[in-house]
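Novice: I would like to see how this sequence folds:
(2 chains)
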Amino acid sequence: MNSSTMILVLLGVSLGSAIVLAIAGSIKLAPEINVLGSAATFAAGVGLALEVYAHGAMLAGGDFFYVDAFNVYLAVLTSFVSMTTAIFSRRYMKREREHGRVGHIRMRFYHAMYQLFIFSILLCLLTNNVGVLWISMELATLSTVLLVSLYRTPNAIEAAWKYFILCGVGIAQALFGTVLLYFAAEKVLGEGVGALLWTNLGRVSGQLEPTVLSLAFVFLMVGYGTKMGLVPLHNWLPDAHGEGPTPISAVLSGLLLNVALYALVRCKVLVDGAMKTHHAGNIMMGFGLISILVSAFSLLRQKDIKRMLSYSSIEHMGIATFAFGLGGPIATFGALLHMLVHSLAKSAIFFTVGHASQMHSTQEIDRIKGLFKGNPLVGWGLMFGIMAIAGMPPFGIFTSEFLILTATIKDAPICAPFLLLGLGVAFAALFRSVQSMVSGNVPAYQKPITAAHVPVLLHMALVFAIGIYMPAFLNQWFHTAVESMR
Amino acid sequence: MFKFYMPVNVASHIISFLAALVLLTAFGMLVQKRIYGLIRLFTWQGLFLSLNTAFVGYVANKHHLYISALLTLSLKVILLPYILHILIQRLKIRKEVETIVNVPMTMLIGIALVILSYHLTAPIRELSNLTTRSTLAVALATVMLGLLMMITRKHAVTEIMGFLAMENGLFFAATSATYGMPLVVEFGVAFDLLMAAFIFGIFFFQINTAFDSLSVEQMARLKEDD
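Specialist: Alright, predicted model coming up:
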């Protein structure tokens, strides 16, 4: 199979599953079809990655798609997490249905939209066209908006409305930025689709008008920054990630945020190339650092476990944004690794938290207790997940944060104390709440459940393995990606 | 084909005039209290936008702009107002009149935003050699006025109207900074907009059922408790 067909399979499976599930989603096997579709997507993703690993970056489908080390690793990650989340969602959503929180038709809608969402983020990653990237990013928002309000409680509807409106406004700014980018590119590359292709833009970035690009970057930063939940554009994120069904929280936190960051980093490389200064990087560092600090202190005040995890996502996106902004081989390598391990660890924690909140019929931290005794695998899964996300060795997040911190001390020592303060406060906040949840006696209202262990164990094993041993292929991938961003 | 070449400055005057009309409707929407009045203004804005796009296409001899003018006409002048009308009838909110706090203040902020837009786009205006370049500031101002409208309004339908006005501004920016984005992108954006229209339609019903009204002021449950 050549790479064009591979990409078509990769995108076609998720789009096809979305259509199948929309039409025939009422049948009993819908969750299994969902898992199967995601597994096939993952297989295609691995196939594509092997191709890129063997032959390097390539154009496909005419020049509509572009795959290089940077986006192919995110595509594999996306398809992997979408598969494990589908496995988790199978039992989880079945129980939600038994509890009467969702009905028949809404389950059908849920499955179809889940696959459409996966399709749209894969398209975001693989497309070579800046305009198509914007369109599919918006599609990713639209396909998840009604999933956030799936339970139809006033809180869920409010959260979804905020998500819809604020992300809509934010992403509109990114479209304005894209128009400005096209305006600058069209002078060099001529009118037409060619002036919106990453590959062409990268080639001529030195000739693009710097004043236009600096203005464009401000709009792109605000637009994609809203999507990523960077402070002060983060207002919608804890609500949307907190009120939706847990599998959706897992993919929103684990996947969608990464894709928005991916778009921003591509833009940054372009703007840096045109301006030959560190303008874009400085803006990203500022946004990143503020996000780390504000979210770390917000973590301290959270009473709802899923909201707390959402703030932790903001913090980690802040770290990655800061590191990409800092630039240089070590920080960029650290940021790439951070995107990978954060995504794996955060979705694993969401899985365990989903189980825990089903056991206690609540998301309140104070009412979740005795997980070690009640369900050891859920309890330990949560404990290790929080340890990983807080940056304890030997997990992968420690490695990436260590790299980023080292680079900060070397290149921007003034930022290091703030970074450390943020990490420290977040660490304390996370540990304080997890301890009360896992220890203690089993409360009377706790109900036993059969948890889906495979996804949690798989994710945590990977985060652990990457922390102690970096596989050669991953290393090479990241190095190639870092090279492409110089 | 016979083509009448009009002097460049006449063409740019006509484009500026249409741009002024777009901006005028944006200001009108900012202070319009009745929902039907808002939809009417939005329809006019879409019409001016479409006319402007077609006219730019004619002057600059860019045929793909005719297609995007047609797309604007069918989506923003016919389809979206129609969908909004149906929704309003179904939800029985026809007579609702919204109180807008401090109209003069809102207008003053609006004017400040227009000046800011001219200031922001000044370096770009000097670079551009298109007949349409002076309208880029108007486009950005329309985006910002839409944003202002979303902030000042407290009703779900008017928030959406602000959002749509903002989208009009973006489209206007694409035709005024460049001669329109490539058609792939324009069709994609139109598709997203259509999907968004269905979603906010569903939302209106969900909000109406859950909160007994479409006012978004009561949506203040999710807050950080101090």
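Novice: which parts of the stretch 251-400 of chain A sit against chain B?
Specialist: A:S298, A:R301, A:K303 (Cβ under 8 Å from any Cβ of the partner chain). C-beta: built from backbone N, CA, C; applies to glycine.
Novice: in chain A, where is pLDDT below threshold?
Specialist: Residues of chain A that meet the criterion pLDDT under 70 lie in A:1.
Novice: now the strands for the chain?
Specialist: Reading this off chain A. A:58-60, A:65-67 (DSSP state E).
Novice: chain B, not that one
Specialist: Under DSSP E, chain B gives no strands.
Novice: work out which residue lies at the spatial centre of it.
Specialist: Nearest to the mean C-alpha position of chain B, by Cα atoms, centre = their mean, lies B:A165 at 2.3 Å.
Novice: which residue packs closest to it, ignoring adjacent ones?
Specialist: Spatially, and ignoring its direct neighbours in sequence, B:A165 is nearest to B:G146 (3.8 Å; Cβ to Cβ, 6 or more residues apart in numbering or on different chains).
Novice: got it, and B:G201?
Specialist: Per Cβ to Cβ, 6+ apart, closest to B:G201 is B:L87, 5.5 Å.
Novice: pretty sure the one you found contacts B:F203?
Specialist: No - B:L87 is beyond contact range of B:F203, at 10.1 Å (criterion: Cβ atoms under 8 Å).
Novice: who has more neighbours out of these two?
Specialist: Using other Cβ atoms under 10 Å in any protein chain shown as the criterion, B:L87 and B:F203 rank with B:F203 on top: 22 against 19.
Novice: give the contact list for the more buried one.
Specialist: A:S149, A:I157, A:A160, A:W161, A:F164, B:A156 (Cβ atoms under 8 Å, 6 or more residues apart in numbering or on different chains).
Novice: I figured the last one hits B:L214, correct?
Specialist: By that I understand B:A156. Yes - in terms of Cβ under 8 Å, B:A156 counts as a neighbour of B:L214; the distance is 4.4 Å.
Novice: so of the strands of chain A, which one's packed in deepest?
Specialist: Most buried of those by mean neighbour count (mean count of other Cβ atoms under 10 Å in any protein chain shown) is strand A:65-67; its value is a mean of 24.
Novice: mind giving me the packing neighbours of that one?
Specialist: Judged by 3 or more Cβ pairs under 8 Å, 6 or more residues apart in numbering or on different chains; DSSP states H and E, strand A:65-67 is in contact with helix A:3-24, strand A:58-60, helix A:104-126.
Novice: closest one to A:V218 among the ones you listed?
Specialist: A:V218 lies closest to helix A:104-126 among the helices and strands packed on strand A:65-67, at 21.4 Å (Cβ to Cβ).
Novice: ok and the closest one relative to helix A:3-24, angle-wise?
Specialist: Here helix A:104-126 runs at an angle of 170 degrees relative to helix A:3-24 (axes from the mean of the first three to the mean of the last three Cα atoms, to 10 degrees).
Novice: quick check, the residue nearest to the centre of chain B in contact with B:M149.
Specialist: Yes - contact criterion Cβ under 8 Å: B:A165 and B:M149 qualify, at 6.4 Å.
Novice: quick check: neighbours shared by those two?
Specialist: B:M29.
Novice: can you pull the contacts of the closest residue to B:L51 other than its chain neighbours?
Specialist: Of all residues not flanking B:L51 in the chain, B:L18 sits nearest, at 6.0 Å (Cβ to Cβ, 6+ apart). Applying Cβ under 8 Å, 6+ apart to B:L18 gives the contacts B:F48, B:L51, B:N52, B:F55.
Novice: state the distance from B:L18 to A:A274.
Specialist: To A:A274, B:L18 is 33 Å away according to Cβ to Cβ, to the nearest Å.
Novice: got it, and A:Y224?
Specialist: Separation of A:Y224 from A:A274 (Cβ to Cβ) stands at 18 Å.
Novice: likewise B:L164?
Specialist: Separation of B:L164 from A:A274 (Cβ to Cβ): 33 Å.
Novice: what is the burial count for the residue nearest to A:A160 when sequence neighbours are not counted?
Specialist: Of all residues not flanking A:A160 in the chain, A:S149 sits nearest, at 3.5 Å (Cβ to Cβ, 6+ apart). Here the number of neighbours of A:S149 (other Cβ under 10 Å) works out to 27.
Novice: B:I83 too?
Specialist: The tally of other residues near B:I83 (other Cβ under 10 Å) stands at 15.
Novice: if I look at the closest residue to it other than its chain neighbours, how far off is A:S136?
Specialist: Once flanking residues are discounted, B:I83 sits nearest to B:A197: 5.5 Å by Cβ to Cβ, 6+ apart. Counting by Cβ to Cβ, the gap between B:A197 and A:S136 amounts to 18 Å.
Novice: circling back: surely the residue nearest to B:A165 touches B:I160?
Specialist: No - using Cβ under 8 Å, B:G146 is not in contact with B:I160, being 10.7 Å away.
Novice: got the contact list for the closest residue to A:M6 other than its chain neighbours?
Specialist: In space, and not counting its chain neighbours, A:M6 is closest to A:L48: 4.7 Å by Cβ to Cβ, 6+ apart. Contacts for A:L48 (Cβ under 8 Å, 6+ apart) come out as A:S3, A:M6, A:I7, A:L10, A:V67, A:V72, A:A75, A:V76.
Novice: quick check, nearest of the residues you listed to chain B?
Specialist: Of all those, chain B sits closest to A:I7, with 17.0 Å by Cβ to the nearest Cβ.
Novice: you'd agree that closest one is up against A:N71?
Specialist: No - with contact defined as Cβ under 8 Å, A:I7 does not reach A:N71; the gap is 11.0 Å.
Novice: look at the nearest residue to A:D239 once chain neighbours are set aside and say how many residues are nearby.
Specialist: Distance criterion Cβ to Cβ, 6+ apart; nearest residue to A:D239, sequence neighbours excluded, is A:A159 at 3.8 Å. By other Cβ under 10 Å, the residues close to A:A159 number 26.
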